[in-house]
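1. Here is a sequence together with a model predicted from it:
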Amino acid sequence: MNYSLLIGLGSNKGNRELFLNEGLYALKSFFDFEECSPFAESLPVDKEDQPIFLNAVASYALPQNFSPLDVLEILKKIECSLGGTKESYKGPRTLDLDLLFWGNFLFINSLLQIPHPHVFHRPFLTLPIQKLKAYNWLQSSFLFPKRTLA
């Protein structure tokens with residue numbers, strides 16, 4: 001079975017589609033791209049008084065040369081390089097990248113939790129994941145809720 005690295009992408013500041021595409025392009029320089037869900041709009045969560053998000057989930061071959069913490073560091077560097085600053089905690093951002101799954105691997109430390117701790121509770125992540133080929137093996141290891149985007 002071929003397991004994948006899944007990364008969530010989100011933007012709600014500036015040219016959202018451009019930032020998601022630039023994020024995907026930057027990720028391809030580190031990881032072997034498999035596929036990306038369609039882009040979809042979603043309402044903000046936690047801090048609701050901000051612009052609507054554009055989200056996607058991308059799948060990559062599991063990296064052989066990076067640990068999960070290395071990948072987290074790469075994601076943060078890509079966010080910063082594309083102006084991924086937040087005006088406030090949970091506030092608007094040009095680009096947000098989240099490590100969602102590392103195959104069916106479970107990982108927890110003070111900096112990172114895999115699967116992402118909110119992945120099963122946020123339709124803007126679960127629904128795009130269900131459009132990926134990786135969902136076929138993910139659903140055999142994890143229980144995904146059936147929901148629609150708000």
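-> Looks like it arrived, so ask away.
2. Going by C-alpha atoms from here, please, whenever you check contacts or count neighbours.
-> Fine.
3. Now do the buried residues in the helix or strand of the chain with the lowest mean pLDDT.
-> Comparing helices and strands within the chain by mean pLDDT, DSSP states H and E singles out helix 135-141 as the least confident, with a mean of 87. Neighbour-count burial for helix 135-141, with 16 or more other Cα atoms under 10 Å as criterion, is recorded at 135, 138.
4. what does it contact?
-> Contact with helix 135-141 is made by 1, 3, 103, 104, 129, as judged by Cα atoms under 8 Å, 6 or more residues apart in numbering.
5. can you count the residues close to residue 120?
-> Look at residue 120: counted by other Cα atoms under 10 Å, it has 18 neighbours.
6. any idea how far it lies from residue 128?
-> For residue 120, the distance to residue 128 (Cα to Cα, to the nearest Å) stands at 12 Å.
7. Same check on residue 51?
-> Note on residue 51: its distance to residue 128, by Cα to Cα, is 20 Å.
8. before we move on, what about residue 108?
-> Distance, residue 108 to residue 128, using Cα to Cα: 24 Å.
9. what ranges do the helices span in the protein?
-> Remark: helices of the chain, listed N- to C-terminal, are 16-28, 68-81, 123-129, 135-141; assignment by DSSP state H.
10. Make TSV from those and add distance to residue 113 to it.
-> Converted to TSV, the helices of the chain look like this (distance: least, Cα to Cα, whole Å):
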stretch	distance to residue 113
helix 16-28	20
helix 68-81	9
helix 123-129	16
helix 135-141	16
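11. between those helices, which one is nearest to residue 114?
-> Across those, residue 114 has its closest neighbour in helix 68-81 (8.6 Å, Cα to Cα).
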